[in-house]
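Trainee: coordinates only, no sequence provided:
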């Protein structure tokens, strides 16, 4: 990190970081809204961001929002969303972001559990009436925050918060198998996560980033902190779909893009439509996390898109744990999740919680400033942390002598067939190398004689013959996979089920579909 970025990383609160960046580079662009019509694109500078946030904070204050007031918001990726969020940070309110694609079950749960006193919605967005849903759910003090935001005189504002260790953020886990969990974060934990991302990617003020993911995701503040530390802008996409969004990337000269593994695959698929023409000529780096990255996908991106690819490891509870860096070796970038920053402790343990030696596989546990304070549910908090204060992630992996982390799967994603443990990720990584496989999820299904059987659910690659079970096993045998790990069932789908945030594959839906 640069000396300036190091100094900014010492800020205690998110608002303090905004103030300092605005003082350093007030006229530099901070956020760029990409519109369907290029003439409707908008840009907000760092100085303009601070000024507008203070006016919106004053408007919120006049409506009754105070330090500690819980404000939920369910808004798309827009400049106004970022402004509202930072205005709440200026006030020291507790904010509860909700992914805009969520509906009654998840939204109602978040409103009830957080005890939100205000709820900001976009009105009718993408054909869904969020205002009507909010009223149906009994939300309190509902207001629209799409084009227009509350406005007031900053002279009414109290002093900004200076304690960065108070819980002021409630993020929600995806809730794909049960009710979501409310994850408690502080300004300092979000600042630490963003600093980890910035330290690894080494951006410069000449870069142009991009936000193609929901700003309400934990990646929203993670990415924004990086912008504020290094003073470069990001292009915001309210609706991200390829190839439609490519024009926005090109006209704004985006140099850093990404989001998750699914985003890499989408960019790669577009590049393959016209291999001779660079997809985004200015693009130098794809970066992201949120889901496992097959090594073959890394090599294909570097080879065909002609840019670097760095992948990281994070979760709602810890926005950034490790991150690959452009100066890592190709081997480390392809096969690991990168290294943690100095403030992140990684402990790999056996089932009893005993620490394992370097290189041995076990459960990954975490301790550091970027780790959340727990959950709204005190019982869930007690279950998640061990006696030494390490968060139990449920992920399996090991740490190399170089400090790089290798993830080998989820504890619940290990398939036990006839008493033998099989890593779903190992089989998935090898199947990704087959030309008929656009994406794949390997799951364990109940089996009366084996305990579990191995099922590979393959998303078809376009313009290729369908993969057969015999073809899949032949490919895996040629790659050296042990016979007891070979799939006994193959299912072909046009599209794997995914969530709406970072497009993670929802394996529980596949288990439900194919269990019988």
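Mentor: Perfect, I can see it now. Computed from a predicted structure; not experimentally measured.
Trainee: now the spatially most central residue of the chain: phi and psi?
Mentor: For the chain, the residue lying nearest the average C-alpha position, counting by Cα atoms, centre = their mean, turns out to be residue 219 (4.5 Å). The phi and psi values for residue 219, taken as degrees, to the nearest 10, are phi -70, psi -20.
Trainee: which SS class is the closest residue to it other than its chain neighbours?
Mentor: Nearest in space to residue 219, with sequence neighbours left out and distances taken as Cβ to Cβ, 6 or more residues apart in numbering, is residue 213 at 5.5 Å. Where you see a C-beta, it was placed from the backbone N, CA and C, and this is true even at glycine. In the three-state summary, residue 213 is assigned as coil, counting by DSSP: H, G, I helix; E, B strand; the rest coil.
Trainee: roughly how far does residue 213 sit from residue 158?
Mentor: Between residue 213 and residue 158 the distance, using Cβ to Cβ, to the nearest Å, works out to 33 Å.
Trainee: ok, the two, which is more surrounded?
Mentor: Here residue 213 and residue 158 are set side by side on neighbour count (other Cβ atoms under 10 Å), and the busier one is residue 213, at 25 against 12.
Trainee: is it true that that one touches residue 77?
Mentor: Yes - proximity of residue 213 to residue 77 meets the contact threshold set by Cβ atoms under 8 Å, at 7.1 Å.
Trainee: list residues touching both of those two?
Mentor: With contacts defined as Cβ atoms under 8 Å, 6 or more residues apart in numbering, the residues adjacent to both residue 213 and residue 77 are 220, 240.
Trainee: look up how far residue 20 lies from the residue nearest to the centre of the chain.
Mentor: 22 Å.
Trainee: now swap in residue 182 and tell me
Mentor: Applying Cβ to Cβ to residue 182 and residue 20 gives a distance of 30 Å.
Trainee: quick one, which of those two is more surrounded?
Mentor: Taking residue 182 and residue 20 together and counting by other Cβ under 10 Å, residue 182 has the greater number of neighbours (22 against 18).
Trainee: contacting residues around that one?
Mentor: When contacts are counted by Cβ under 8 Å, 6+ apart, residue 182 is found next to 96, 110, 113-114, 170-172, 375-377.
Trainee: show me the beta-bridge partners of it.
Mentor: Each beta-bridge partner of residue 182 is listed here, defined by DSSP bridges: residue 172.
Trainee: does residue 188 belong to a helix, a strand or coil?
Mentor: helix.
Trainee: and it, what's its pLDDT?
Mentor: According to the predicted model, the pLDDT of residue 188 comes to 96.
Trainee: per-residue confidence at the nearest residue to it once chain neighbours are set aside?
Mentor: In this structure, residue 188 finds its nearest non-sequential neighbour in residue 164, 4.0 Å apart by Cβ to Cβ, 6+ apart. If you check residue 164, the pLDDT there is 96.
Trainee: surely residue 164 meets residue 192?
Mentor: No - counting by Cβ under 8 Å, residue 164 does not reach residue 192; the two are 9.8 Å apart.
Trainee: picking up where we left off before, next, work out how far apart the residue nearest to the centre of the chain and residue 298 are.
Mentor: With the distance defined as Cβ to Cβ, residue 219 ends up 20 Å from residue 298.
Trainee: from residue 478, how far off is the residue nearest to residue 219?
Mentor: Taking Cβ to Cβ as the criterion, residue 213 is separated from residue 478 by 37 Å.
Trainee: cool, and residue 172?
Mentor: In this structure, residue 172 and residue 478 are 43 Å apart, going by Cβ to Cβ.
Trainee: and the two? Which one has more around it.
Mentor: Taking residue 172 and residue 478 together and counting by other Cβ under 10 Å, residue 172 has the greater number of neighbours (27 against 10).
Trainee: quick one on the thing from earlier: give me the neighbour count for the residue nearest to residue 188.
Mentor: Under the criterion other Cβ under 10 Å, the count of neighbours that residue 164 has is 21.
Trainee: who touches it in this structure?
Mentor: By Cβ under 8 Å, 6+ apart, the residues touching residue 164 are 11-13, 16, 186-188, 191.
Trainee: need the contact list for residue 483.
Mentor: Contacts for residue 483 (Cβ under 8 Å, 6+ apart) come out as residue 477.
Trainee: got a list of what the nearest residue to residue 461 once chain neighbours are set aside touches?
Mentor: Spatial nearest neighbour of residue 461, excluding adjacent residues (Cβ to Cβ, 6+ apart): residue 438 at 4.2 Å. With contacts defined as Cβ under 8 Å, 6+ apart, residue 438 is in contact with 265, 269, 458-462.
Trainee: farthest-separated two in those residues?
Mentor: Greatest spatial distance in these: 269 and 458, 15.6 Å, computed using Cβ to Cβ.
Trainee: what about the helix or strand hosting residue 31, distance to the chain center?
Mentor: Assessed by DSSP states H and E, residue 31 sits inside strand 29-34. Remark: strand 29-34 is offset 20 Å from the chain centroid, using Cα atoms, centre = their mean, to the nearest Å.
Trainee: and the average pLDDT for it is what?
Mentor: According to the model, strand 29-34 has a mean pLDDT of 98.
Trainee: what do you get for stretch 282-301?
Mentor: When the per-residue pLDDT values of stretch 282-301 are averaged, the result is 90.
Trainee: which parts of that stretch are buried?
Mentor: Of the residues in stretch 282-301, 282-283, 285-298, 300-301 count as buried by neighbour count, 16 or more other Cβ atoms under 10 Å.
Trainee: now that stretch, how far from the centre of its chain.
Mentor: Stretch 282-301 has its C-alpha centroid displaced from the chain centroid by 14 Å (Cα atoms, centre = their mean).
Trainee: next up, phi/psi of residue 505, please.
Mentor: Geometry field for residue 505 lists phi and psi as phi -70, psi 130, criterion degrees, to the nearest 10.
Trainee: I'd assumed residue 442 was in contact with it.
Mentor: No - in this structure, residue 505 is not within contact of residue 442 by Cβ under 8 Å, at 10.3 Å.
Trainee: what's the spacing between the helix or strand hosting residue 264 and its chain's center?
Mentor: Using DSSP H and E, residue 264 sits within helix 261-271. In terms of Cα atoms, centre = their mean, the centre of helix 261-271 is found 16 Å from the chain centre.
Trainee: which strands or helices does that helix pack on?
Mentor: For helix 261-271, the helices and strands in contact under the criterion 3 or more Cβ pairs under 8 Å, 6 or more residues apart in numbering; DSSP states H and E are strand 256-259, strand 285-288, helix 295-305, strand 437-447.
Trainee: now do it, average pLDDT.
Mentor: Helix 261-271 shows a mean pLDDT of 91 in the predicted model.
Trainee: and it, what's buried?
Mentor: Applying 16+ other Cβ under 10 Å to helix 261-271 flags 261-268, 270-271 as buried.
Trainee: can you give me the helices for the stretch 301-450 of the chain?
Mentor: 330-335, 378-384, 424-431 (DSSP state H, counting those that start in this stretch).
Trainee: what does the first one contact?
Mentor: For helix 330-335, contacts defined as Cβ under 8 Å, 6+ apart pick out 295, 298-299, 302, 308-311, 324, 338, 402, 404, 406.
Trainee: which of those residues are buried, as a ChimeraX select command?
Mentor: In ChimeraX, a selection of the buried entries from the contacts of helix 330-335 looks like this (16+ other Cβ under 10 Å):
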select :295,298,302,308,309,310,311,324,338,404,406
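Trainee: picking that back up, and the gap between the residue nearest to residue 219 and residue 381?
Mentor: Distance, residue 213 to residue 381, using Cβ to Cβ: 27 Å.
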